[in-house]
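Engineer: Predicted model and sequence follow; I will ask about them next.
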Number of protein chains: 2
Amino acid sequence: MLAVFCVRACSGLAGFRTATRVRSVHSLPGITVAQIDEEVAKLLQLKAQIGGDDGKHQFVLKTAKGTRDYNPKQMAIRERVFNTIISCFKRHGAETIDTPVFELKETLTGKYGEDSKLIYDLKDQGGELLSLRYDLTVPFARYLAMNKITNIKRYHIAKVYRRDNPAMTRGRYREFYQCDFDIAGQYDGMIPDAECLKIVHEILSELDLGDFRIKVNDRRILDGMFAVCGVPDDKFRSICSTVDKLDKMPWEDVKKEMVNEKGLSEEVADRIGEYVSLQGGMDLAERLLQDHRMSQSKQACAGLSDIKLLFSYLQLFQVTDKVVFDLSLARGLDYYTGIIYEAVLTQAGAVPAPAEAQKGAPAEESVSVGSVAGGGRYDGLVGMFDPKGRKVPCVGVSIGIERIFSIMEHKAEVSAEKVRTTEVQVMVASAQKNLLEEKLRLITELWDAGIKAEVMYKKNPKLLSQLQHCEESGIPLVAILGEQELKDGVVKLRVVATREEVDISRADLIAEIRKRTSEA
Amino acid sequence: MLAVFCVRACSGLAGFRTATRVRSVHSLPGITVAQIDEEVAKLLQLKAQIGGDDGKHQFVLKTAKGTRDYNPKQMAIRERVFNTIISCFKRHGAETIDTPVFELKETLTGKYGEDSKLIYDLKDQGGELLSLRYDLTVPFARYLAMNKITNIKRYHIAKVYRRDNPAMTRGRYREFYQCDFDIAGQYDGMIPDAECLKIVHEILSELDLGDFRIKVNDRRILDGMFAVCGVPDDKFRSICSTVDKLDKMPWEDVKKEMVNEKGLSEEVADRIGEYVSLQGGMDLAERLLQDHRMSQSKQACAGLSDIKLLFSYLQLFQVTDKVVFDLSLARGLDYYTGIIYEAVLTQAGAVPAPAEAQKGAPAEESVSVGSVAGGGRYDGLVGMFDPKGRKVPCVGVSIGIERIFSIMEHKAEVSAEKVRTTEVQVMVASAQKNLLEEKLRLITELWDAGIKAEVMYKKNPKLLSQLQHCEESGIPLVAILGEQELKDGVVKLRVVATREEVDISRADLIAEIRKRTSEA
């Protein structure tokens, strides 16, 4: 029966007519709504296959799902943020590298656990099987192993790709920048680790995003804690993921997941609960080293001693004001082997409310504060690529640049500040007709002297429209040519903001423009 | 018979044993070598399916075919080249935008003619069909149409992807940078076009790549010329591609292709041959406007008048020394509608010989000079994306940045100049043991003052190894701490190049480092 129905409906395809038939069929006895729904789904699929409405191809003018263009204003903000971050990386003596946007598929295989399903694969067009990079850490490890590099301090800023559920108003895209700083090499304990935290502190302070806190923990402390609390070895990673949810869920819900879904006893969960509520500094590490349970784990003790050492360096770097040792910090990625950290903004106001939240969605959304940097030590990853398994210890940090862009864009929007998208210093304008040639001659002089200058691409633009263009795009000066000025060998230099005008001799013009724009 | 053979060989798979059987089978009567070849191919395919040699998976540590990593030295050179180019774009008042690395597949469809086969598609993982961008021009046109932008002067520097045959020693990759500057908008004729050529002139002069020439032509002149020479309308594009080969082939071969492959008569080909041998400046355009044949084509006359106008602006921009009106310039892309241009380096020595050529390949390879920039006017492309077909006239130029990187890398290699990969100004070092804390305290002062500084990640490094590191990485200054210096409240500042050492009081150190490194 259903098969017949399907064929009938198919033959009557194309938009409205199909819909009518479906409705008339609805009244037939012996067909349930669920069955019809199912058939409709089949029909819609068939429709999609033959090319949408009326079989006519409608071209869709859009970017791919979860991606966006950056317009000039966004680019200006992006450039400013990058400059701050790159200056910091360079101040700390980092080199930079770049790797291809795609890797051999097998390079990425087995590095991301469950998240592997989010990797974008390229179509097999003959040749190698390729995937878009998922982060910059795995390509970095591949680069080190491939080139047998055992020491490097490098940064890498590039886009990565994840077929995740996009939440673009909150700065979560399928194509997004990562901004990584890593130190690879066998060094004395905690010195590079402390420098990574110093860098996070410098960057977040300089970007002026509001108050922040950097949480620190150590994978060995987590594992040791799980062991002494009685978690079975094979559940460490899984319980770790549950602990990781503590920044989004209250303890009671986390505990429920541990007991009901992950099969821990109430008692074990409660023991974990006690530990993960602890926060402090070097003193907390000292106290836990004396803790009757924790002190039984060699692993935990090694982690705690390192936290102590780390804090002593952080004191010298003068950044302990923002750093907190937090036993609830877990971080998802499998490859961390030692210290882990995450920076969060603590001022609700600093984070823009997502558009939906503003329009009536739950209020929590608008005060959610987010992680803006994270990282840790991963001593085993490079060894996974080395044919002989030789390890290169690494520690690094990734700046959550997309969220920072969102915050900065929001800030620029609500502030009166006008974001300039060009750096033009002077507009070469004319007060009368037929001066194009003279203007081109003058602008050539300016360009050749390194002055940033523009001229309108019209033979005879109106002076007013030339001045308006300056106001709109924030150009501070106008060099105006007229018959009289040409006769006198001068240029009328106009300051856009004050409308003040002075005649400057041609010979002095370049120096005058430089003087006036270097002050700005 | 063959089927049996196949099954037998298959059962004896795995390396050497199969080979033996194949050889023993070879002597059997009734089997030809061709048949065996065919079976071997089948076996190899089967082998590939079950996972290579011995079924054991050999991990390959490499980047995808046709791609490369950039190491820190290459990145330093790349940064320098980008800075020069971006400065020029900014001097001319350009904004910048960015677009996603992949587009909807249909956005790219029908834009590249035959080259479409070189587009990388993403795997269909459910959802939209996506392709990696092939150039920056089509995404730019899509961006303009999507955002209804009718006026913009923008640059865009980003990687594009082509499944082409890579020739990496000659700077031809499957992933490579494009570096585009375009002016969109309805303006008075030839002013933006002339600025594009001015920009090419500035960039190539500043990069100091050796002498260069910018060839200019116009699609309307080519089409008009084909018409008056007697080429059938439907062969314009095809003959255009043949003309485009004149920079790699002598006229005789090009003519042969026109006559033998494209079916032109000798007479028509010879007429074309006369024109495409012409080179000149504004005078040539004037002469051709009087030419009894050319003057019959309205199109050609429009193009020739514009060339005249263009040259008049180029004179004002003072760049005619390098620009030549060359009727043999054709350029491959379909979307050009007016002026086209291409810059070539004319000094053979400026281009590095590819590695193979140096090792005995034909000598021509090592003297080949290449196109380093190209572009033109494309007034119809944006309209292809607009639902109502509204046109936005555009003209632009693309800098062949990968070839320029190759040249710069080669130059750096053969010159004595040492490319620094970091910008570190001072190394904080110690002359005795147990001074790590003092060093971290000092470097914190330096970092917080914006000084680029490094310290070794060792508790007690040897002074010699600290000094060696400075020599190797070009760090100009060392701030040395010792017991005595700490007591005296000074730092010993050592100039790496001269080995001169002076004691500087802690209070004056930052100013002293600034003074000494700003001179460098």
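Structural biologist: Received the coordinates, thanks. Numbering: from 1, shown residues only, chains lettered A, B, ... in the order given.
Engineer: Nearest spatial neighbour of residue A:106, chain-adjacent residues omitted?
Structural biologist: residue B:59 (6.6 Å; Cβ to Cβ, 6 or more residues apart in numbering or on different chains). To be clear about C-beta, it is placed using only N, CA and C from the backbone, and glycine gets the same treatment.
Engineer: Need the three-state assignment for that neighbour.
Structural biologist: Here residue B:59 is coil, with the state taken from DSSP: H, G, I helix; E, B strand; the rest coil.
Engineer: Looks like residue A:190 contacts residue A:310 (just checking).
Structural biologist: Yes - using Cβ atoms under 8 Å, residue A:190 is in contact with residue A:310, at 4.7 Å.
Engineer: anything in contact with each of the two?
Structural biologist: residue A:339 (Cβ atoms under 8 Å, 6 or more residues apart in numbering or on different chains).
Engineer: next helix or strand past the host helix or strand of residue A:443?
Structural biologist: Using DSSP states H and E, residue A:443 sits in helix A:436-448. As assigned by DSSP H and E, the chain's next helix or strand after helix A:436-448 is strand A:453-455.
Engineer: Could you tell me the average pLDDT over that following strand, please?
Structural biologist: The predicted model gives strand A:453-455 an average pLDDT of 96.
Engineer: how about that strand: buried residues?
Structural biologist: Within strand A:453-455, the residues scored as buried using 16 or more other Cβ atoms under 10 Å in any protein chain shown are A:453-455.
Engineer: Helices along the stretch 1-150 of chain A, start to end?
Structural biologist: All helices of the stretch 1-150 of chain A, identified by DSSP state H, counting those that start in this stretch, fall at A:2-11, A:16-26, A:33-49, A:72-91, A:105-108, A:137-146.
Engineer: Tell me if the last one is near chain B.
Structural biologist: Yes - using Cβ under 8 Å from any Cβ of the partner chain, helix A:137-146 reaches chain B at A:142-143, A:145-146.
Engineer: hmm, the helix holding residue A:443 touching chain B?
Structural biologist: Yes - for a cut-off given as Cβ under 8 Å from any Cβ, helix A:436-448 has contacts with chain B, namely A:436-437, A:440-441, A:444, A:447-448.
Engineer: What distance do you get for the closest residue to residue A:332 other than its chain neighbours to residue A:263?
Structural biologist: If the residues on either side of it in the chain are set aside, residue A:332 comes closest to residue A:244, at 5.7 Å by Cβ to Cβ, 6+ apart. Look at residue A:244 and residue A:263: by Cβ to Cβ, to the nearest Å, they are 18 Å apart.
Engineer: Can you tell me, leaving aside adjacent residues, what's nearest to the residue in the stretch 151-300 of chain A that chain B sits nearest to?
Structural biologist: Distance from chain B to each residue of the stretch 151-300 of chain A (Cβ to the nearest Cβ) is smallest for residue A:187, at 3.6 Å. Leaving aside its sequence neighbours, residue A:187 sits nearest to residue B:457 (Cβ to Cβ, 6+ apart; 3.6 Å).
Engineer: so the one you found makes contact with residue A:190?
Structural biologist: No - with contacts counted by Cβ under 8 Å, residue B:457 stays clear of residue A:190, the gap being 9.4 Å.
Engineer: Parallel or antiparallel, which strands does the strand or helix carrying residue A:341 pair with?
Structural biologist: Secondary structure from DSSP H and E places residue A:341 in strand A:339-345. Applying DSSP bridges, strand A:339-345 is found paired with strand A:212-218 (antiparallel), strand A:371-377 (antiparallel).
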